[in-house]
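S.K.: I would like to see how this sequence folds:
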Amino acid sequence: MKNTQLYPFERNKYFYGKLLSVEDFNFEQKYMNDKRRLVNRLVHGIGVVCGLNVVRVDDLTISVESGLAFDTTGREIVVDMPITKKLSMLGGYDTAISSGSNAYVYLCIEYSEGEKGNSHNIVPDSDGDNANRIKEGYNLYLTASEPEDNIDRTDMLFENAVTVFRSGSIHIRHVMPRFVNPDSTFPFRVEIETFSKQFAAFSYDIQLVCLNNASDGSSVLKVNFDETLLDKTGKYTQTFELTSANVSNTEGTATPDPLTFRLAFDKTPAEGAVSGKSSVMITDKDLFDAVVYDSYDHSMDTELRNTVGQRLYLARIGLVNSVGSSIIDNIENVPFGQYVASNMLLNAIGRSRLASGGAAPASQSVQHVESYSGGKSSPEIASGICRINLNAGSLKNKVFYSDEIFHGLGLGSVTITLGAVTESGTIYGNPSVFRDEEAPYEVAAKLDNSKGSFIIGVLTKSTMIQDYIDVKWTAFRDVDEKVTEKSNMKITIKPNSLIIKPRETKYLEAVCSNMTNKTVRWAVSPATGGEIDANGMYTAPNTEGVYEVIAQSAVYPEVKASIMVVVRG
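M.R.: Presented below is the predicted three-dimensional model:
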């Protein structure tokens, strides 16, 4: 199915006695498919929804895990079971190898469909049997082509990225915010990727308009990079501070000067030229509002037209030439960030940040939060004011609840005190103790240790005439209590030791004891000691040796464990 025209929409109108033809049934399917795909494209986005990880099986073979993705027209690409392929058996292999840099190729996936099965046609003088089903599927292929800078991904909503130099050995890209306020300082990033075993070095000037170098106030930014001075990782970022001019609704630009560009590999000069202008809009608007309004400002035709023909890049596969053939050296999954962030994922990220002490969401009823930490024996404290809406004229013994409040002290046990805010001050405990104060309501808090949150409840003791009440809350955790809590936490890695061959893979399990949040982060020391993904799948390096694999709690970084891995042939 190559048709990418999803609208305008028309659907069948049914009535008694209507003669339905093949075209009517096809029209019905197209209507339902096109509506769903338009929602996929404009509401959810483009890219990998889940799975589709590409892993190295051996020097010549890869495996793609099952998963789901949306293509540029919202069509669902479903890989229902893992598939293993030799690179040489994938479409585009010869062209990609011959036209690329021989250092890497890209694995892409696209939607496809085809006919399946046979069904006898009873119509006289027909062509005989026809296909009985249309099976939706996918094609995997290789390419050496790089995507354009405007490839659809979430970070492009708030950042502009421009590739100023690209060759088979090195990429240089400029990244800056899409919007900044007048007379403000903001980061400008130069991102570098190298693909050669040689050490790269370059320098050039960037001419600034309506922007200044924050370090010296000049309109020229000098960029210098020398890979010999760094650990050779292949990916580097240089961050500079720029200051916007005191203007509004004006575009600031950063343009590399090709006359100043110098490039070398292992100190041997190389040819090349930089080009491409980066821009940032200087605006008086709130930066969040500017991003949102700009996103909504695009017409539907423009939004869809801008992404027609974009590929879904599943992986960048690093290659090494060996005896006239190309073998797999490394694999980088979804190299251009083409992911679809589901509502469930976004909600989980927000809860994780709040549980680790992040800021509360904008819809939270908390008006003010402060955290304190003093000396060794000082408690950790957070406080705020929550407004609970009531029904004016509500009767006695009615219960009202606040939204969920994240106190920001992390998971586990904390102590919460509540006080009613009145015109004369804040009253903690039972107001009836004070003779001149009435007690029209009672307040209580219910703590959720597993989330790091609580809910405030209000029970009316008499008829309420006001629309809301303000409750001041204070949450605190004693340091001694927190230390005792953490001392019982433990991470154990299974197996507790490992001997494997170079490039062999092994699954490691992190067992978390006495921990509510069992999320762990994996790492390898030294960094050249192989790779391990978020699920604990460890891949040994090419070089024999002894390496350390570390599992660290995501919530309590001081809780961690490690094992030694022996890599030998």
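S.K.: what are the buried residues along stretch 522-535?
M.R.: Buried residues in stretch 522-535, counting neighbours by 16 or more other CB atoms under 10 Å, are found at 522, 524, 529-532. Yep, even glycine has a C-beta here, placed from its N, CA and C like the rest.
S.K.: what's the longest helix in the chain?
M.R.: Among the elements of type helix in the chain, defined by DSSP state H, the one spanning the most residues is helix 22-39.
S.K.: state the mean pLDDT of it.
M.R.: Predicted confidence along helix 22-39 averages 86 (mean pLDDT).
S.K.: stretch 283-290 now?
M.R.: Mean pLDDT, taken over the full extent of stretch 283-290, equals 84.
S.K.: for stretch 420-437, same thing?
M.R.: pLDDT averaged over stretch 420-437 equals 68, rounded to a whole number.
S.K.: could you dump the buried residues of stretch 522-535 into CSV and include distance to residue 116?
M.R.: Compiled in CSV, those are given as follows (distance: CB to CB, whole Å):
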residue, distance to residue 116
522, 42
524, 45
529, 47
530, 43
531, 39
532, 40
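S.K.: ok, so of those residues, who is nearest residue 569?
M.R.: Among those, residue 530 lies closest to residue 569 (CB to CB), at 14.6 Å.
S.K.: quick check: phi and psi at the closest one.
M.R.: Main-chain torsions, residue 530, degrees, to the nearest 10: phi 110, psi -170.
S.K.: quick one on the thing from earlier: could you identify the most distant pair in the buried residues of stretch 522-535?
M.R.: Pairwise distances across those peak at 12.0 Å for 522 and 529 (criterion: CB to CB).
S.K.: was I right about residue 415 contacting residue 477?
M.R.: Yes: contact between residue 415 and residue 477 holds when scored by CB atoms under 8 Å: they sit 7.3 Å apart.
S.K.: and these two? which has more neighbours close in?
M.R.: Neighbours per residue, other CB atoms under 10 Å: of residue 415 and residue 477, the larger number sits with residue 477, 19 against 14.
S.K.: who is the more buried one paired with across the strands?
M.R.: On the basis of DSSP bridges, residue 477 is bridged to residue 380.
S.K.: residue 313 too?
M.R.: According to DSSP bridges, residue 108 are recorded as the beta-bridge partners of residue 313.
S.K.: need the contact list for it.
M.R.: Under the criterion of CB atoms under 8 Å, 6 or more residues apart in numbering, the contact partners of residue 313 comprise 106-108, 147, 334-336, 338.
S.K.: follow-up on the earlier one: would you list the buried residues of stretch 522-535 in CSV and tack on secondary structure, pLDDT and distance to residue 426?
M.R.: Compiled in CSV, the buried residues of stretch 522-535 are given as follows (DSSP: H, G, I helix; E, B strand; the rest coil; pLDDT from 0 to 100; distance: CB to CB, whole Å):
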residue, secondary structure, pLDDT, distance to residue 426
522, strand, 91, 47
524, strand, 91, 52
529, coil, 86, 56
530, coil, 89, 57
531, strand, 90, 55
532, strand, 91, 51
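S.K.: any residues in contact with both of residue 522 and residue 529?
M.R.: Counting by CB under 8 Å, 6+ apart, the shared contacts of residue 522 and residue 529 are residue 549.
S.K.: rewinding a little: pull out the buried residues from the contacts of residue 313.
M.R.: With burial judged by 16+ other CB under 10 Å, the buried subset of the contacts of residue 313 is 106-108, 147, 334-336, 338.
S.K.: least confident of the residues you listed?
M.R.: When the buried ones among the contacts of residue 313 are compared, the smallest pLDDT is that of residue 147, 80.
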